[in-house]
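In: Need the 3D shape of this:
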Amino acid sequence: MAIRIMLADDHRLFRAGLRALIEKQTDIEVVAEADNGRLAVELAKRLRPEVVVMDISMPDLNGIEATRQIISGLDGTKVLSLSMHSDSRFVEGMLKAGASGYLLKDCAHEEFIRAIRAVAAGQTYLSPAVTDKIVKDYVQQAGTETDSIHKILTPREREVLQLVAEGLGSKQIAAQLGVSVKTVETHRHQIMERLNMHSVAELTKFAVREGLTSLEG
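Out: Numbering: from 1, shown residues only. I've put the predicted structure just below:
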């Protein structure tokens, strides 16, 4: 029986390349594609693929938050991160969210297919290209407590921050998340207070730096 996977990446041409590669395999099939994190969560819950290939930098809901929602809401679905980011913050963020693997987008085709099979089999797969960097970063940080956005803000606050950084107003965010405008304004106030920031520009720079959004066209 073929491994059912979903491709979650906001670049159509990249998804098409992955699909073409996968279609050459007899034991793997693509059952869905998503161009933003929120759609990825919806499709994963509906179709329950064995593996979701997830980019980190996506509009609406970034890959880390989408992964957290998929893993917490589904049994049996694994997430394999496929990203351009080798920074240990992103790797750590995805692994803490529940991802079973992390690959860089410049990996060889053979490694990509090998990683899918490994993750589907319940194994963890980390690209050799990022393993050394992760180890070095952990050694440097050993014995020190570093604050991260995942410690400072709640999952909902991170969602609101991403949408604010992507230029949505309070009414749009409220409609997107299914909450009241007042609730959104409360979240926005708490985010600014906790981050000690006072403008949307500051919040946007912070969101990009922390990998919540890339603001790529």
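
In: low pLDDT regions in this structure?
Out: 132-148, 215-217 (pLDDT under 70).

In: tell me the domain boundaries of the protein?
Out: Using automatic domain parsing, the domain ranges for the chain come out as 3-140, 149-209.

In: In CSV: the ones you listed, plus mean neighbour count.
Out: Quick note: C-beta positions are derived from backbone N, CA and C, even for glycine. Putting the domains of the chain into CSV (neighbours: other Cβ atoms under 10 Å) gives the following:
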stretch, mean neighbour count
domain 3-140, 18
domain 149-209, 16
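
In: Tell me where this structure has helices.
Out: For the chain, the helices defined by DSSP state H occupy 12-22, 37-47, 63-73, 88-97, 109-120, 128-141, 149-152, 155-165, 170-177, 181-195, 200-209.

In: Looking at these, spot the one closest to residue 54.
Out: Ranking the helices of the chain by their distance to residue 54 (criterion: Cβ to Cβ) puts helix 63-73 first, at 4.7 Å.

In: before we move on, back to that, distance to residue 4 for the helices of the chain - can I get that in JSON lines?
Out: Below are these laid out as JSON lines (distance: least, Cβ to Cβ, whole Å):
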{"stretch": "helix 12-22", "distance to residue 4": "11"}
{"stretch": "helix 37-47", "distance to residue 4": "8"}
{"stretch": "helix 63-73", "distance to residue 4": "14"}
{"stretch": "helix 88-97", "distance to residue 4": "21"}
{"stretch": "helix 109-120", "distance to residue 4": "9"}
{"stretch": "helix 128-141", "distance to residue 4": "26"}
{"stretch": "helix 149-152", "distance to residue 4": "30"}
{"stretch": "helix 155-165", "distance to residue 4": "27"}
{"stretch": "helix 170-177", "distance to residue 4": "28"}
{"stretch": "helix 181-195", "distance to residue 4": "36"}
{"stretch": "helix 200-209", "distance to residue 4": "33"}
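
In: and residue 55, which of those helices is closest to it?
Out: helix 63-73 (5.4 Å).

In: then the closest one to CSV, C-alphas only?
Out: The C-alpha atoms that make up helix 63-73 are tabulated as CSV, following Å, rounded to 0.1, in the frame of the first residue of the first chain:
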residue,chain,number,x,y,z
GLY,A,63,4.8,25.6,9.2
ILE,A,64,5.8,25.4,12.9
GLU,A,65,2.3,26.3,14.1
ALA,A,66,0.6,24.2,11.4
THR,A,67,2.8,21.2,12.5
ARG,A,68,1.8,21.7,16.1
GLN,A,69,-1.9,21.7,15.2
ILE,A,70,-1.6,18.7,13.0
ILE,A,71,0.4,16.6,15.5
SER,A,72,-1.9,17.5,18.4
GLY,A,73,-5.1,16.8,16.4
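
In: okay, the angle between it and helix 37-47?
Out: Orientation check (axes from the mean of the first three to the mean of the last three Cα atoms, to 10 degrees): helix 63-73 against helix 37-47 gives 20 degrees.

In: which residues sit against helix 63-73?
Out: 8, 37-38, 40-41, 44-45, 52, 54-58, 61, 77, 79, 81, 83, 90, 93-94, 97-99, 155, 158-159, 162, 211-212 (Cβ atoms under 8 Å, 6 or more residues apart in numbering).

In: Same check on stretch 17-27?
Out: So stretch 17-27 is in contact with 2-3, 5, 7, 9, 28-30, 33, 53, 82, 109, 112-113, 116-117, going by Cβ under 8 Å, 6+ apart.
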